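# Sequence first, then the predicted structure, then my questions.
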Amino acid sequence: MHTGEPLPAVGDVLTALATGLWHWDTATELVTVDAEAARLLGLPPAPATLTEAQARARLHPVDWNEIISVVGLAVAEDTLAEVRIRIMDERGLVTRTVRSRSKPSYDREKKSFQLIGTLQEVTEPTPGTPAGRTAVTGDWRRSREAFLLDAGRALAEARSTAEVLRVAAGLSMPGFSPDGLAVFGVEGDRLTIIGHHGQRPGDENPFSHMSLETDYPAAEVVRSGRAVYLSSPEAYRSRYPVTWPLAQHFDRQSWAFLPLTVAGRTMGAWMAGFAYPVAFTPDERSVLTTVARMLAQALSRAGLAESERELTDGLQRSMLPTLGPEIPGMTVAARYVPTGGGLQVGGDWYDMIPLPGGTSRKESGGGRFALVIGDVQGHDVRAAGLMGQLRIALRAYAAEGHRPDAVLSRASRFLNGMTYGVDDPSDTRFATCLYVEVDPVTGVLEVARAGHPEPATRKADGTVLARRTDGGLPLGIDPDADYPTTRIDLEPGETLLLCTDGLIETGGHDFETGWKRIRGILESHDGDMEELADALVQAVHGPSSHHTTGPLVDRREDDIAVLLLCRHGGARSGDTAVAAPTVRRTMLSVAQAEPKRVGVARQQLRELLHDWTSADQVDSAVLLLSEMLTNVLVHTDADALLLAEVRGETGERRMRIQVTDTSDELPHKRRPGELASSGRGVMLIELLADAWGVDPQGEGKSIWFELYESSGEPSA
């Protein structure tokens, strides 16, 4: 264009500058665009009138909402509305980014907006460039808010100092991201380096243990509690000439040092270094200040959590025992998992106690020992303290040579004296406990139980039996409580399970459904004792939750203690038997004063026959056992002893059920009347059993019957 010639039309100028015009009237809900604006929106390059829905379909939904908020702000402040808008194609992909500048007006009568503005394609600014550091209104403000929300969420989820520093190193601030950072702490009158990023290892050495009186920006920030912004190397050199040589070799152009303040106390400083000049505008300082506050809170929480974990670990290490030396002929494994809340300490514990005396010491070189597992009420420091005291008392009573019932009676009296009669009646505590005295030579277990879940045994072929044991009240409730003793024979290749209720009832399970879950693990596991202990815990909490911290910690609803005892026998791989023995048996006594144990005997027989081919034979065996035990209790004054055995390979097995009593009166066949309530026992045995008999003994008798698996197969 030559001087003196008329100016070109505005439309021609805008077209030459690739700038489109648009008009939007919210009253008519129509948007008018010229050819260039239509092209930028991804439409044919021709003037067009669009509905709001058609225009909105071309814009990113987030940016459409941004337009609404920016327009309202521009009308209120009587300024231009400026936003960046991402243009979408029919597949929902971003094709370009445009900048919209408009002058909005508001019609109070129609209660509508009218906007006339321009559209121009732009590229996203590179961090550190003048465009990248120019405060643009809506788009920059939206990016800043989104960044702060993401940063706050990430820092809130960090559970350790290392995680906090890793999150801080990964923060990408809108328009200006540092290429290096350092977090300073305070110890006494000196600075320490908590962590750094963007520097080589060892670069932090000159700054570590620096006196707070040093002429260094981080030291000044800690002393004064105010931020220091240095936008150029010249500003750094003129303000801190003494320490400038330490920072010079990093080749940075701008620095921000901000205080890390929690509850009014400056706990350290955060340094953000930039490889390009940063003006530190008010908006940029606002972002840095907000990040520094969130970082301080996250570091404070992480430090407190790490102190609690260190206290917890020390407390657990001091209270939980080692399992002692190797026991000839036996293997012991244990696990303890604290609850996920608070200090992660609680009242669950286990112990292994060597016992005095016994001939087995000379025979095996190992001697008798006791396994103890228990749970003091509560998940707090007091529960942990009482647990430690109770554990010491139990060890002392056991070392004196007392029997299991006497050990628990004395422990109950001890805990009652510790907890009852305190100033706060609501702080009284009780404890459940299971005490097992073990003879490693014979496999005999003497069990005393105080309100604790009963033990279970896993036979070498995978059959799991819940061992019904007599028990008394939890420890500490009644100082004069009695605790009867139950004898269990642990056969070669069998494994004993002792656990607290946390293993069974965690995860929304009650005792019955939780036991089914644990039973499935016991039956199917094929590894050694340590792997079995891990599998039991992982069934509740997931892999590795008892070894490390992390999200799975929050699933811990209760403490867990687990003890496993395996008696060696047969061909072996690791600590468990591989070759299953051909005999599976269980034994149970039923006293005259305990008729309820008839039901226990029926349940144990069903568990013993869990994989028997014929369900009808299992029902027959349970019926005949019930008849035999009931006859002893009704027609004699003696107690009954049940011995059930299964021999042979699957499909050709033979079960033998034997009930022994001390009465010399032999059973005989009777002819009961139609309405008689008894007299059919022998008739049922003759009808249902494959073989049966009565064996007189020196004192008393044994009546037995046998069922053969092959004869009970259902017909085709």
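Thanks, I have the structure now.
# now for the host helix or strand of residue 301, which elements pack on it?
Under the criterion of DSSP states H and E, residue 301 resides in helix 282-319. Here helix 282-319 touches helix 138-157, helix 161-169, strand 254-262, strand 265-274, helix 381-399, going by 3 or more CB pairs under 8 Å, 6 or more residues apart in numbering; DSSP states H and E. Bear in mind the C-beta positions are built from the backbone N, C-alpha and C, glycine included.
# Quick one: neighbours of residue 591, just the number.
12 (other CB atoms under 10 Å).
# quick one: contacts of the strand ranked longest in the chain?
Longest strand of the chain, by residue count under DSSP state E: strand 94-107. By CB atoms under 8 Å, 6 or more residues apart in numbering, the list of residues contacting strand 94-107 from outside reads 22, 24, 27, 40, 42, 60, 67, 71, 74-75, 80-89, 112-124.
# Can you tell me which of those are buried?
Using 16 or more other CB atoms under 10 Å as the burial test, the contacts of strand 94-107 include 22, 24, 40, 60, 67, 71, 74-75, 81-88, 113-115, 117-120 as buried.
# before we move on, back to that, do me a favour and average the pLDDT over the longest strand of the chain.
For strand 94-107, mean pLDDT rounds to 85.
# send the alpha carbons of that strand over as CSV?
The C-alpha coordinates for strand 94-107 follow below in CSV (Å, rounded to 0.1, in the frame of the first residue of the first chain):
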residue,chain,number,x,y,z
VAL,A,94,-8.4,-31.2,19.3
THR,A,95,-7.5,-29.7,15.9
ARG,A,96,-6.2,-26.3,16.9
THR,A,97,-6.2,-23.7,19.7
VAL,A,98,-7.7,-20.2,19.1
ARG,A,99,-7.7,-17.0,21.1
SER,A,100,-11.0,-15.2,21.5
ARG,A,101,-11.1,-11.5,22.4
SER,A,102,-14.6,-9.9,22.7
LYS,A,103,-16.4,-7.0,24.2
PRO,A,104,-19.5,-8.3,26.0
SER,A,105,-22.6,-6.3,26.9
TYR,A,106,-25.6,-7.2,29.0
ASP,A,107,-29.2,-6.3,28.2
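# Could you tell me which residues within that strand count as buried?
So strand 94-107, judged by 16+ other CB under 10 Å, has buried residues 97, 98, 99, 100, 102, 104.
# What ranges in the stretch 401-550 of the chain fall below the confidence cut-off?
Across the stretch 401-550 of the chain, the ranges flagged by pLDDT under 70 are 420-427, 507-508, 541-550.
# ok, back up a step: return the most buried member of the helices and strands packed on helix 282-319.
Compared across the helices and strands packed on helix 282-319, strand 254-262 shows the largest average neighbour count, a mean of 23 (mean count of other CB atoms under 10 Å).
# angle of that one against helix 282-319?
If you take axes from the mean of the first three to the mean of the last three CA atoms, to 10 degrees, strand 254-262 sits at 50 degrees to helix 282-319.
# which strands and helices sit next to strand 254-262?
Short answer (3+ CB pairs under 8 Å, 6+ apart): strand 254-262 packs on helix 217-224, strand 228-230, strand 265-274, helix 282-319.
# What's the mean pLDDT across the last one?
Across helix 282-319, pLDDT averages out at 78.
# helices or strands next to the helix or strand following it in the packing?
Downstream of helix 282-319, the next assigned helix or strand under DSSP H and E is strand 330-337. Contact here means 3+ CB pairs under 8 Å, 6+ apart; on that basis strand 330-337 packs against strand 348-354, helix 529-541, strand 560-567.
# Need the contact partners of the shortest one.
Contacts of strand 348-354 with the rest of the structure, by CB under 8 Å, 6+ apart, involve 319-321, 323-324, 332, 334, 336, 367-376, 387, 390-391, 394-395, 398-399, 498, 500, 502, 559-563.
# redo that, cut-off 7 Å
Here strand 348-354 makes contact (CB atoms under 7 Å, 6 or more residues apart in numbering) with 319-321, 323-324, 332, 334, 336, 367, 369-375, 387, 391, 394-395, 398, 500, 502, 559-561, 563.
# That one pairs with which strands, and in what direction?
strand 369-376 (antiparallel) (DSSP bridges).
# hmm, which of the contacts of strand 348-354 are the buried ones?
Of the contacts of strand 348-354, these count as buried by 16+ other CB under 10 Å: 319-320, 323, 332, 334, 336, 367, 369-375, 387, 391, 394-395, 398, 500, 502, 559-561, 563.
# chain center to the longest strand of the chain: distance?
Chain-centre distance of strand 94-107: 49 Å, with CA atoms, centre = their mean, to the nearest Å.
# in stretch 243-254, what's buried?
243, 247, 252, 253, 254.
# now, which of these sits nearest residue 52?
residue 254 (44.3 Å; CB to CB).
# Any stretches of the stretch 51-200 of the chain with poor pLDDT?
Checking the stretch 51-200 of the chain against pLDDT under 70 turns up 123-144, 146, 172-176.
# Residue 418 sits in which helix or strand?
If you go by DSSP H and E, residue 418 is part of helix 404-419.
# Please list the outside residues in contact with that helix.
Counting by CB under 7 Å, 6+ apart, 386, 389-390, 393-394, 397-398, 402, 428-429, 431, 433, 435, 437, 446-448, 450, 475-476, 478-479, 481-485 sit against helix 404-419.
# circling back: Throw the buried residues of strand 94-107 into CSV and include distance to residue 210, thanks.
Formatted as CSV, those follow (distance: CB to CB, whole Å):
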residue, distance to residue 210
97, 46
98, 51
99, 47
100, 51
102, 54
104, 55
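# just the helices in the stretch 551-700 of the chain please.
For the stretch 551-700 of the chain, the helices defined by DSSP state H, counting those that start in this stretch cover 597-608, 615-635, 681-688.
# Mind putting those into CSV with mean pLDDT, distance to residue 660 and mean neighbour count?
Formatted as CSV, the helices of the stretch 551-700 of the chain follow (pLDDT from 0 to 100; distance: least, CB to CB, whole Å; neighbours: other CB atoms under 10 Å):
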stretch, mean pLDDT, distance to residue 660, mean neighbour count
helix 597-608, 86, 13, 18
helix 615-635, 89, 9, 18
helix 681-688, 83, 16, 16
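# could these go into a markdown table alongside distance to residue 52?
Output for these, formatted as a markdown table (distance: least, CB to CB, whole Å):
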| stretch | distance to residue 52 |
| --- | --- |
| helix 597-608 | 72 |
| helix 615-635 | 71 |
| helix 681-688 | 85 |
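# Quick one: closest of these to residue 658.
helix 615-635 (8.9 Å).
# so how far is the closest one from its chain's centroid?
For helix 615-635 - counting by CA atoms, centre = their mean - the centre lies 46 Å from the chain centre.
# Could you tell me the angle between it and helix 681-688?
Going by the same axes, to 10 degrees, helix 615-635 makes 170 degrees with helix 681-688.
# for helix 615-635, packing partners?
helix 597-608, strand 640-647, strand 654-661, helix 681-688, strand 701-708 (3 or more CB pairs under 7 Å, 6 or more residues apart in numbering; DSSP states H and E).
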